[in-house]
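Novice: Any chance you could fold what I've pasted below:
(2 chains)
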Amino acid sequence: MKDSDSDVDAALMLRVQQRDGGAFEQLMRKHVRPLHSYAYRLCQSSAEAEEIVQDTFLRVWSRAKTWVPNRVKFTTWLYQITRNLCIDRFRKQYAEFDGSIDLDLLPDTQTNENKELILALRQVVQELPERQRTALVLCQLQGWSQAETASLLSVSVEAVESLLARARRTLRNKLTTTESPK
Amino acid sequence: MEIEAFESYLDRHGSDPDRWPANDEKKHVIQLLNGSERARHILQETQDLHSMLETALHVRDPIGLETRILAAVRSSKENWWTSTIAQWILKPAFVALPLLVGFVIGLAATDSSLVVEHELATAQFDDHSDLLAISNE
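Specialist: Now for the predicted structure:
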């Protein structure tokens, strides 16, 4: 993310802290889609992702005063809220999780062979440890740098590198195993 | 650089050369890619896998989510409209109030000076008419 983007967010967030509804709406419209992508990729359910994003923005409004400018970027704070909400939901639903994923959202254009691979990929991502999954989603799919991801996870850049390496290795190895019998 | 080290590099930094950190390690990777058919094949496979991952976790835009968020925030405990009204109407009113008071005071001062000027002019006219009356006599 560019610094100027971050400055715009900070200015809007300061206005949100003064209970400016217009600034909140601007901030929400700017971030809602990438945040929804992030939530969906973490939990792989569109209904869950929408609820999580809605709860995230409710917290942005109700707990705006807890964001401290210059301590952490607004985006890091925002994605941290979403990540915590996802973790809470995983904890609550872990016992009930049956391993199924949202099949309706598979792209229509895929061949059957690709669909199998896509399902396998989603299954592998879903089974990754939470921090590896978060690092993979942010760096591989959301375009975040390792430094930004390190800030969100409160770890060093080297630790993010290691999380990414383990996640990508798992993907590669599991998919090789999946494809090899063919 | 060996192939195993190259695979480890791809695991750490991904398969998009534009996002590889600019350092000596990248130079070694580029050298390997220029000279090794196998390395290029591995890179291509990894890029295909990562591209498939993007397809697998493709996200459709949520319909009406923005509207639902605004509705949820507006109906939250801390009333949205109260805050918005406070922000856009009451706050400017508080700023405008001292200006208005100053304006009224200024206007009142201007009016009283006009009265004084009027009284002086009337007095001068009276003096002048008195003189005229004396000269006529």
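
Novice: Please make it C-alpha for all contacts and neighbour counts, starting now.
Specialist: Noted.

Novice: what's around the residue in chain A positioned nearest to chain B, how many residues?
Specialist: Chain B sits closest to residue A:165 of chain A, with a gap of 4.3 Å, by Cα to the nearest Cα. Applying other Cα atoms under 10 Å in any protein chain shown, we find 23 residues neighbouring residue A:165.

Novice: Then residue A:74?
Specialist: Residue A:74 - counted by other Cα under 10 Å - has 21 other residues nearby.

Novice: ok, it - contacts?
Specialist: For residue A:74, the contacting residues are A:6, A:9-10, A:13, A:67, by Cα atoms under 8 Å, 6 or more residues apart in numbering or on different chains.

Novice: what does chain B put close to chain A?
Specialist: B:8, B:10-14, B:49-50, B:52-62, B:65-66, B:68-70, B:72-73, B:76, B:78, B:80, B:83-84, B:87 (Cα under 8 Å from any Cα of the partner chain).

Novice: hang on, the earlier thing: for the residue of chain A closest to chain B, give its distance to residue B:65.
Specialist: Using Cα to Cα, to the nearest Å, residue A:165 is found at 34 Å from residue B:65.

Novice: try residue A:171
Specialist: From residue A:171 across to residue B:65, the span is 32 Å (Cα to Cα).

Novice: Of those two, which one has the most company?
Specialist: Set residue A:171 next to residue B:65 and count neighbours by other Cα under 10 Å: residue A:171 wins out with 23 against 18.

Novice: and the nearest residue to the more buried one once chain neighbours are set aside, how many neighbours?
Specialist: In this structure, residue A:171 finds its nearest non-sequential neighbour in residue A:124, 6.5 Å apart by Cα to Cα, 6 or more residues apart in numbering or on different chains. For residue A:124, the number of neighbouring residues by other Cα under 10 Å comes to 17.

Novice: do the same with residue B:96
Specialist: Neighbour tally, residue B:96, other Cα under 10 Å: 12.

Novice: Tell me who's in contact with it.
Specialist: No contacts exist for residue B:96 under Cα under 8 Å, 6+ apart.

Novice: repeat for residue B:13
Specialist: A:161, A:164-165, B:19-21.

Novice: quick revisit: so which of the residues of chain B next to chain A sit within helices?
Specialist: B:8, B:10-13, B:49-50, B:52-56, B:65-66, B:68-70, B:72-73, B:80, B:83-84 (DSSP state H).

Novice: out of these, which are buried?
Specialist: B:10-13, B:49-50, B:52-56, B:65-66, B:69-70, B:72-73, B:80, B:83-84 (16 or more other Cα atoms under 10 Å in any protein chain shown).

Novice: Excluding chain neighbours, what is closest to residue 65?
Specialist: As the question left the chain open, I've gone with chain A. Residue A:65's closest residue in space is residue A:17 (Cα to Cα, 6+ apart), at 5.6 Å.

Novice: should've been chain B
Specialist: Of all residues not flanking residue B:65 in the chain, residue A:50 sits nearest, at 7.0 Å (Cα to Cα, 6+ apart).

Novice: Please apply the same query to residue B:28.
Specialist: Excluding the flanking residues, the one nearest residue B:28 by Cα to Cα, 6+ apart is residue B:1, at 6.2 Å.

Novice: who touches that neighbour in this structure?
Specialist: By Cα under 8 Å, 6+ apart, the residues touching residue B:1 are B:28-29, B:32.

Novice: Would you list the buried entries among those residues?
Specialist: Among the contacts of residue B:1, those classed as buried by 16+ other Cα under 10 Å are B:29, B:32.

Novice: Turn the contacts of residue B:1 into CSV, including pLDDT.
Specialist: Output for those, formatted as CSV (pLDDT from 0 to 100):
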residue, pLDDT
B:28, 94
B:29, 95
B:32, 95
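
Novice: which of the contacts of residue B:1 lies closest to chain A?
Specialist: Ranked by distance to chain A (Cα to the nearest Cα), the contacts of residue B:1 are led by residue B:29 at 16.5 Å.

Novice: Fine by me, we can end here.
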